[in-house]
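S.K.: got a sequence here, can you model it:
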Amino acid sequence: QVQLVESGGGFVQPGGSLRLSCTASTFALDYTIGWFRQAPGKEREGVSCISSSDGSTYYANSVKGRFTISKDNAKNTVYLQMNNLKPEDTAVYYCATGLMGRLSIRPREYDYWGQGTQVTVSS
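M.R.: Take a look at the predicted model:
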């Protein structure tokens, strides 16, 4: 079992920034850690992911150039720095871990999920 806790969500105006954190009870060397979001009435979509072993990353086109995923293995924490936020980024953001051993932002490939943190972008 892996327990995940997200934090850092909040309310921000368009163009603003937020940094989300995901702290895990453990990050095994072969985990992939992903960030996902779900807006009301929409399916959960992948945002970004990072490999716990080599730090390689992947981003959805909708956030490329604006969001940055990073990790601190010593703290068992993965971050999602979100810059130039847009109203369409409004959603509940979740982190998750999977043992697929490769980069993927397909939700069904992930095994453990956090409870989510709300991000609202509005003027």
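
S.K.: what phi and what psi does the backbone show at residue 16?
M.R.: Note on residue 16: backbone dihedrals following degrees, to the nearest 10 are phi -80, psi -180.

S.K.: could you pull up phi and psi at the residue nearest to it when sequence neighbours are not counted?
M.R.: Closest residue to residue 16 apart from its sequence neighbours, by Cβ to Cβ, 6 or more residues apart in numbering: residue 85 at 5.4 Å. Placement of C-beta: from N, CA and C, glycine included. Torsion angles at residue 85 (phi, psi; degrees, to the nearest 10) stand at phi -70, psi 150.

S.K.: ok, now which ones touch residue 85?
M.R.: Contacts for residue 85 (Cβ atoms under 8 Å, 6 or more residues apart in numbering) come out as 12, 14, 15, 16, 17, 18, 66, 119, 121.

S.K.: pick the one among these closest to residue 81.
M.R.: Taking Cβ to Cβ as the measure, residue 81 sits nearest to residue 17 out of those, at 7.2 Å.

S.K.: next one: phi and psi at that closest one?
M.R.: phi -130, psi 150.

S.K.: pLDDT wise, what is it at?
M.R.: Predicted confidence (pLDDT) for residue 17: 98.

S.K.: quick check, pLDDT for the residue nearest to it when sequence neighbours are not counted.
M.R.: Distances taken as Cβ to Cβ, 6+ apart put residue 83 closest to residue 17, at 4.8 Å, once the chain neighbours are dropped. On pLDDT, residue 83 comes in at 98.

S.K.: quick one, what contacts the residue nearest the centre of the chain?
M.R.: For the chain, the residue nearest the mean C-alpha position is residue 35 (2.1 Å; Cα atoms, centre = their mean). Contacts for residue 35 were tallied using Cβ under 8 Å, 6+ apart; they are 20, 22, 46, 47, 48, 49, 69, 78, 80, 93, 94, 95.
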